[in-house]
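Asks: I'd like to go over a predicted model; first the sequence, then the structure.
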Number of protein chains: 2
Amino acid sequence: MKIIGLMSGTSADGVDAALIEIASGNPLTVKHRYSHVSPYPTELRQRILQLATPPGGTASEVCRLNAYLGELFAQAALELCRRARVAPEEIDLIGSHGQTVRHLPRPQKEGTLEVASTLQIGEPAVIAERTGITTVAGFRTRDIAAGGQGAPLTPLTHYVLFRDAQKGRAVLNLGGIANVTAIPAGAPPSQMVAFDTGPGNVLLDLAAFRVTGGQTDYDANGELASGGHVVDEVLRSLLGHAYLKKPPPKSTGREEFGPPLLDDVSRRFPALSPGDLLATLTAFTAEAAAIGFRDFIAPKMKIAEVVLTGGGARNPVLREMLAERLAPATLLDPDALGFPARAIEAAAFAFLAYLTWHGRPGNVPAATGAKAPVILGAISPGRNRPGAAQASPAPAAAAKPSAAPPGAPTAGGPAQPKKP
Amino acid sequence: MKIIGLMSGTSADGVDAALIEIASGNPLTVKHRYSHVSPYPTELRQRILQLATPPGGTASEVCRLNAYLGELFAQAALELCRRARVAPEEIDLIGSHGQTVRHLPRPQKEGTLEVASTLQIGEPAVIAERTGITTVAGFRTRDIAAGGQGAPLTPLTHYVLFRDAQKGRAVLNLGGIANVTAIPAGAPPSQMVAFDTGPGNVLLDLAAFRVTGGQTDYDANGELASGGHVVDEVLRSLLGHAYLKKPPPKSTGREEFGPPLLDDVSRRFPALSPGDLLATLTAFTAEAAAIGFRDFIAPKMKIAEVVLTGGGARNPVLREMLAERLAPATLLDPDALGFPARAIEAAAFAFLAYLTWHGRPGNVPAATGAKAPVILGAISPGRNRPGAAQASPAPAAAAKPSAAPPGAPTAGGPAQPKKP
């Protein structure tokens, strides 16, 4: 099956699109075909970040951006097809993560109930309608409904791509928020440990934007951080964050590591120079990840290699700080293992779409805290027949839904997700 | 197939749940099995109405209420099963409309695009997880994505239930917003005319709440209205509303007929007595519907009978005003035609779930303005096998998703929506 994954992270810098090919068999093989990033317009990024930062954003903005982002996600999928020289009719499925604008996995009192929630926008009905491709989306909500944190959802993909019979490997994804998947040598998926370690790029991006008066929205090559020094007092204070001590399963977001935290640092340490601020936040990001490894992974397994993914992997200051703290484990680029770094998150949602389509669970309860493995997401039918491409060379999208009156049922049995 | 439909209208008074049974064949037969209303707690109703009235509500509130309403919709489905003495395992599908909190079908400029949008909440992942039943939801967004208004979506159901070989029939649904489906005698669905006529109960409910200082949230039996007189000057002014003259396809919501309109009336006519206000708004509601019949239905077909549905059908003052204005057509209760009034809207979303499951379009382009008939909604897999109940007496929900590692694909072909 040819599947496109679409993802926009908490940094809200654009749509990561990846085309993968999955061949069934035991084990499954997942091959990267092509990937591309369609950046958001600057104004849109600001609108999303405002919406995603409590108490920002109205219900109208949620409604409008949900549809607008659906259009942009569809465009990103079609742009990927053009660049990969693959006709949309050849694609079986799209798996879309959407754009997170709220993540509230801690249950809150609602009437007589305790309810956790999460909100990803980027309307899948728009994606299915514009591309004609059956689209699976809404992955996190189902895990939360099953008692999980709704994150991380990448562990099964990390497992399929990076497991090793001889070496314990971890994947550390430095997106806006950082998450880790730790895979013991030669172990089944149920023995993985996975959780959000804390901030990824989020604090660095915010601080870079502020100290440059909006001239840049990230610390390119760690240049700002390398012009300063880590200030111990500030770092110690940041390391007191309660999230770091919480045992997995756990997940976090911009609500905990975002503008309010940075405001707090600025208020308490007003004399910090821009370079010192960036250096200290970079150290905090690395140390938060290292604490996760030390407290929650090391007691359970030996990790020999850490695969670095996400935008933060391109920040040499952050890499060096991580290398020191994670030694003797060595840092690896996923490209060296045959899968381009930036494509992994998007590919994960393509893989989850594959699992959902086949009626199979996509979450790992040990990672998310869900009560059980569950089939994630909802399927918005396209005009194609997923899985039919191999069986028939006829372009599936050529067949349009008929306007048959409801009195005349179609022949044959109902479509149905298979039992896993 | 046994299917549950779940619906909460713009009045936000609770979840209407209906269990229907659909037998395939030509024509399809749709039988009402049981229906029930699970009222919202009063505080929740106020939260929803606040969220649904621009600029009301934050993204956090959308996120939280989406999950909370998912829980209440699931409870409503399970409560219906208990009352109907049907095990949830016997139910094939749930079709959930959700709760509309925004409806913005008029395209707005977003970047370089023109984008229309609508937002229904009541997370289907929660419904599927709590009930174990495969749930179809998100019907309106797909029609909007296909260039439609996202409303009305009930015409195919009205057609299946109420078409007549000899008589032109219309169904006038007096929910928060009123919508009409007009079915010419002996005609195919493509010749139906359907649109929102304007206000249903929305202005009456709001006014009743205000003039009684919150003692009641609707004009029970039209008692407030029958204590006053229609004030011509006010009625004429209301009838100047631009929506009424707009030709179909068209749809509207609380944005146009809601608190702002009522505020405007109160400001311009401060001396109106409570009774006169209610009488005049009731006349406006009836007249708005009558204008729709006169201008957009009468030129195309003769209507002999008008089936009244929705809460407003129980308001005798509104009924009488409608009877006068729609004569010589006679008013009918759907119960007389074998289907209980309050169950119809919920049943419509059960029927749409049936169509989606069978890979068939659920919208009528002439009604919504969509460019084409499209398969509506997204399918959240349950733990059941829809359609399997007839084939096998074993309770489908007993089989749980396995925790099989992703390396081992299941046997057999992929699940897939059928071509219509």
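Replies: Perfect, thanks for sending it. In this text the structure is predicted, and so the values were computed from the model without any measurement.
Asks: which element is residue A:35 on?
Replies: strand A:29-39 (DSSP states H and E).
Asks: And that strand, what's buried?
Replies: A:30, A:32-38 (16 or more other CB atoms under 10 Å in any protein chain shown). In this view, the C-beta of every residue, glycine as well, is placed from N, C-alpha and C.
Asks: Could you look up the next helix or strand downstream of that strand?
Replies: The first helix or strand that comes after strand A:29-39 along the chain, using DSSP H and E, is helix A:42-52.
Asks: That next one - what's its average pLDDT?
Replies: Averaged across helix A:42-52, pLDDT comes to 94.
Asks: tilt between that helix and strand A:29-39?
Replies: Going by axes from the mean of the first three to the mean of the last three CA atoms, to 10 degrees, helix A:42-52 is angled at 110 degrees with respect to strand A:29-39.
Asks: and helix A:42-52, C-alpha only, in CSV?
Replies: Taking C-alpha atoms only, helix A:42-52 is exported to CSV below (Å, rounded to 0.1, in the frame of the first residue of the first chain):
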residue,chain,number,x,y,z
THR,A,42,3.8,33.3,8.7
GLU,A,43,0.5,34.9,9.6
LEU,A,44,-1.1,31.5,9.8
ARG,A,45,1.6,30.2,12.1
GLN,A,46,0.9,33.1,14.4
ARG,A,47,-2.8,32.4,14.4
ILE,A,48,-2.2,28.8,15.2
LEU,A,49,0.2,29.5,18.0
GLN,A,50,-2.2,32.0,19.5
LEU,A,51,-5.0,29.5,19.3
ALA,A,52,-2.9,26.9,20.8
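Asks: What values do phi and psi take at the nearest residue to residue A:147 once chain neighbours are set aside?
Replies: Excluding its sequence neighbours, the residue lying closest to residue A:147 (CB to CB, 6 or more residues apart in numbering or on different chains) is residue A:371, at 4.3 Å. The phi/psi pair for residue A:371 (degrees, to the nearest 10) reads phi -70, psi -20.
Asks: returning to that earlier point: is it possible to export the buried residues of strand A:29-39 to a markdown table including pLDDT and distance to residue B:236?
Replies: Converted to a markdown table, the buried residues of strand A:29-39 look like this (pLDDT from 0 to 100; distance: CB to CB, whole Å):
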| residue | pLDDT | distance to residue B:236 |
| --- | --- | --- |
| A:30 | 94 | 68 |
| A:32 | 95 | 67 |
| A:33 | 96 | 65 |
| A:34 | 97 | 63 |
| A:35 | 96 | 62 |
| A:36 | 96 | 59 |
| A:37 | 95 | 58 |
| A:38 | 96 | 53 |
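Asks: What is the nearest of the residues you listed to chain B?
Replies: Distance to chain B across those (CB to the nearest CB) is lowest for residue A:30, with 9.3 Å.
Asks: partners of the lengthiest strand in chain A, with directions?
Replies: Longest strand in chain A, counting residues (DSSP state E): strand A:93-110. Here strand A:93-110 is paired, per DSSP bridges, with strand A:2-8 (parallel), strand A:113-121 (antiparallel), strand A:135-137 (parallel).
Asks: ranking those by burial, who's on top?
Replies: strand A:135-137 (a mean of 32; mean count of other CB atoms under 10 Å in any protein chain shown).
Asks: which residues touch it?
Replies: With contact meaning CB atoms under 8 Å, 6 or more residues apart in numbering or on different chains, strand A:135-137 is reached by A:93-98, A:120, A:122, A:124, A:127-128, A:352-353, A:356-357, A:377-380, A:382, B:378.
Asks: What pLDDT is listed against the residue most central in space within chain A?
Replies: The centroid of chain A falls nearest to residue A:345 when counting by CA atoms, centre = their mean (5.1 Å). pLDDT, the model's per-residue confidence, is 91 for residue A:345.
Asks: That one is in what secondary structure piece?
Replies: Residue A:345 belongs to helix A:344-357, assigned by DSSP H and E.
Asks: Now find how far off-centre that helix is within its chain.
Replies: 11 Å (CA atoms, centre = their mean, to the nearest Å).
Asks: That helix packs against which elements?
Replies: In terms of contacts (3 or more CB pairs under 8 Å, 6 or more residues apart in numbering or on different chains; DSSP states H and E), helix A:344-357 is packed against strand A:2-8, strand A:14-23, strand A:29-39, strand A:93-110, strand A:135-137, helix A:139-145, helix A:155-162, strand A:169-174.
Asks: Residue A:183 contacts residue A:167, doesn't it?
Replies: No. Counting by CB atoms under 8 Å, residue A:183 does not reach residue A:167; the two are 9.2 Å apart.
Asks: Neighbour count: those two, which is higher?
Replies: Neighbour tally, residue A:183 and residue A:167, criterion other CB atoms under 10 Å in any protein chain shown: the higher count belongs to residue A:183, 27 against 16.
Asks: ok, residue A:114 touching residue A:105?
Replies: No. Counting by CB under 8 Å, residue A:114 does not reach residue A:105; the two are 11.9 Å apart.
Asks: so what's residue A:330 scoring on pLDDT?
Replies: Confidence score, pLDDT, at residue A:330: 97.
Asks: Enumerate the beta-bridge partners assigned to it.
Replies: Under the criterion used here (DSSP bridges), residue A:330 is bridged to residue A:305.
Asks: correct me, but residue A:230 touches residue A:280?
Replies: Yes. Assessed by CB under 8 Å, residue A:230 is found in contact with residue A:280 at 5.1 Å.
Asks: Which one of the two is surrounded by more residues?
Replies: When residue A:230 and residue A:280 are compared for neighbours, residue A:280 comes out ahead with 26 against 18, by other CB under 10 Å.
Asks: Kind regards, and thank you for your time.
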